[in-house]
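[1] 3D model of this:
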Amino acid sequence: MKKKPPKRPKVAWEESGAPRERRPPPEPYEVTAVQPLRAGDGNLSLSEDEENEEMGEYEKAAMDRIVHLLKITEKNEALKMALLENICTICGVDDNKGLYESLSLFCRENNLAEEVKELLENEPVDQLCTEVWYRAMLAIAALSRVKAIGEKEIIPLLNACFQAVFYLPPTEDLNIHLYNRTLHAMDNMLQMLLVSHCTSSNEELQNILEVLIRFTSSQNKTARARALKRIWKLSSFVTRGCWQEPFAKFVPPSQRTNIVCMTFEAIGECSTEDKKWASLMMDVVLQDPASWMVDVPKILEFMQRNLRSSSTSLQQTLFSVLDVLTNQFPRDVLMSVLTDLPHSDRPGCVAPVTFLELQRSQELQGAGSPAASAWLSLLPLFQVMDPTEENLQELCKPALLQRLLKTESLPVLWLVLRGLVLLSERPETAKGLRDLLPDVMGTLQFANTSIALKTTKISRNVMTHLGKREARPIAVELAEKLLPLFSHVSSEVREGSIRLFKDVMEAVVWWQKRNMRKTVRRGLLPLLFQMSDETRSVAEASGEALVCCAKFLKWKELKRQAKRKGKMEIKECLVRTTTQPPPICWGSGCWQKGLHQQLVSVCKSHAFVFFS
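    Down below sits the predicted model:
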């Protein structure tokens, strides 16, 4: 008669002294898609007797051993390995819904996921000399297979896994065979977490990526590389698995560009195997550039730094990406190349992208239109290098430039303004630009910092070369358009507009002063506030402009206090001096209160901020 195994085999072995028979270590699960259950498959719930029939004696003994091992508080390496091996054993039964439910209940009641997490957290992170981490990954995959990991347990468990493995020393300092097995088990574990939660796989993928992305920002270069490779492999797995949603959807938009740039960098440095995974990731990116490469300036900046790399594979990848970028985002690429990159570092894509943008502008205007012809004829004058003397003479066509300033194409407008900056720096050509200044100031409607900087620079250069007499006809109109720039986000724009406002005030004559006086009064309060600007040069320019305003308005007390730079005294002076002023302009908005009421209400509420 066959003898039954003891109820608690481990205890029996320990008492008898018999050597314990060990099973070969379990291999990582081969992850396949989970097939949905079909109606009509029969009664899926099993009675206790049926469960016992389905579950082998070895699995039932493993459950008993797990219960016994959990009672041991201090576990040595052998006991840890035994616990993890037995978890894999009980969760490795054949597919059966009834058994899965019973096993899941057993695992949850005994907090096996939490137990595995604690084992990982208690292992040293400066060495890899045992199979504990490897078997822990297998155990997590096994628990996931029978759905024995709760939703709230997944992120802490993943964090423990990644913390344990990613911060290991570099590969050359490790047992390479054991290290590779551990990472292979981790990749299979991540895939099992996805396929075993069919109804919530999207949420699981987001959870996994959320934890991985945190490690890609680590100060530890090795940890960053290991986390990034896991992302590459997941992207390949998701793409091959015919996921309903694109992989980019599960990555936060703010992190997509970082992943792309880190992948670029890895292609130039990593091993042959890693390059394979990085290339697969780049395939995912290039198939969906609208999602992955929206931050064009940052990507181009990275490319500019790495185009001279000695890595042939990296150069090929960068040029492939550049080709996709110029087709997907031609305007953004051109604008970034022109405004963000140094002249000497601009890639050879500038000319073709410029032609593409001009061609699009021509199509918008209609083939053969004068404006389109003008743009195309000016193209050679606006290349990346500085124009020659001959180019500048050809460029000085005010009537043609006036039409160009009305374009709605931001890159083309930038090129036009760049040419105007060059012309405005020369006394002999600056005088011909006076009548263009209203159109130049009209480009501020784009609310673009680069455009605003060039606009103020052109206006200041022209005013400087014209002299007061020739600048008078445009002075009042120019001053009106400068007021909103006093509170611009760019300190350079703020300073340039304030200094230009001062120059304009000094250019007007007596018969213009009535209209100009209204504008000057509207600029008093913004200038007072800008005297507290965090940028010192802006604060100094505001103080100088305020002195000029007081002189223009013939307010002696204000002039005296402005020279002394006493902000509280200036405020009190403004309150005392003005009783029925015109409207005040603050930023881009104007409101129709008197200066007296405005100063009393605004200055009191902002006294601590602006006058402390």
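[2] Number of residues surrounding residue 246?
    Counted with other C-beta atoms under 10 Å, the neighbours of residue 246 add up to 16. Placement of C-beta: from N, CA and C, glycine included.
[3] do the same with the one 10 residues further on
    Other residues near residue 256 number 18, with proximity taken as other C-beta under 10 Å.
[4] The nearest residue to it once chain neighbours are set aside: neighbouring residues, count only.
    Nearest residue to residue 256 in three dimensions, chain neighbours excluded: residue 292, at 5.1 Å (C-beta to C-beta, 6 or more residues apart in numbering). Residues lying near residue 292 (other C-beta under 10 Å) number 26.
[5] I figured residue 292 hits residue 283, correct?
    No. Using C-beta atoms under 8 Å, residue 292 is not in contact with residue 283; the gap is 11.2 Å.
[6] got the domain boundaries for the protein?
    1-17+50-196, 467-612 (automatic domain parsing).
[7] Tell me the gap between the longest one and the middle of its chain.
    Using C-alpha atoms, centre = their mean, to the nearest Å, we find the averaged C-alpha position of domain 1-17+50-196 to lie 38 Å away from the chain's own average C-alpha position.
[8] just to revisit the earlier point, export the domains of the chain to TSV and append columns for distance to residue 436, mean pLDDT and mean neighbour count.
    Converted to TSV, the domains of the chain look like this (distance: least, C-beta to C-beta, whole Å; pLDDT from 0 to 100; neighbours: other C-beta atoms under 10 Å):
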stretch	distance to residue 436	mean pLDDT	mean neighbour count
domain 1-17+50-196	59	81	17
domain 467-612	10	75	18
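[9] Export those to TSV and append columns for distance to residue 445.
    As requested, the domains of the chain are exported to TSV (distance: least, C-beta to C-beta, whole Å):
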stretch	distance to residue 445
domain 1-17+50-196	47
domain 467-612	10
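[10] all strands of the stretch 501-612 of the chain, in order?
    584-586, 589-591 (DSSP state E, counting those that start in this stretch).
[11] For residue 259, give me its contacts.
    213, 216, 228, 231, 251, 281, 292 (C-beta atoms under 8 Å, 6 or more residues apart in numbering).
[12] Quick one: buried ones out of those?
    Burial by neighbour count, 16 or more other C-beta atoms under 10 Å: within the contacts of residue 259 this picks out 213, 216, 228, 231, 251, 281, 292.
[13] Do a quick rundown of the helices in the stretch 151-300 of the chain.
    Shown for the stretch 151-300 of the chain, the helices assigned by DSSP state H, counting those that start in this stretch span residues 151-166, 176-195, 201-216, 221-240, 253-269, 272-287, 289-292, 296-306.
[14] looking at the ones you listed, which is closest to residue 538?
    helix 296-306 (25.2 Å; C-beta to C-beta).
[15] Would you mind writing the CA trace of that closest one as CSV?
    The C-alpha trace of helix 296-306 is given here as CSV (Å, rounded to 0.1, in the frame of the first residue of the first chain):
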residue,chain,number,x,y,z
VAL,A,296,11.2,70.1,-31.4
PRO,A,297,13.6,72.6,-29.8
LYS,A,298,14.8,70.1,-27.2
ILE,A,299,15.3,67.3,-29.7
LEU,A,300,17.2,69.6,-32.1
GLU,A,301,19.4,70.8,-29.3
PHE,A,302,20.3,67.3,-28.5
MET,A,303,21.0,66.5,-32.1
GLN,A,304,23.2,69.6,-32.5
ARG,A,305,25.3,68.3,-29.6
ASN,A,306,25.7,64.8,-31.0
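[16] Who are the packing partners of that helix?
    helix 253-269, helix 312-328, helix 330-340 (3 or more C-beta pairs under 8 Å, 6 or more residues apart in numbering; DSSP states H and E).
[17] For the ones you listed, give me JSON lines that also has distance to residue 396 and mean pLDDT.
    Compiled in JSON lines, the helices and strands packed on helix 296-306 are given as follows (distance: least, C-beta to C-beta, whole Å; pLDDT from 0 to 100):
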{"stretch": "helix 253-269", "distance to residue 396": "41", "mean pLDDT": "82"}
{"stretch": "helix 312-328", "distance to residue 396": "31", "mean pLDDT": "76"}
{"stretch": "helix 330-340", "distance to residue 396": "21", "mean pLDDT": "71"}
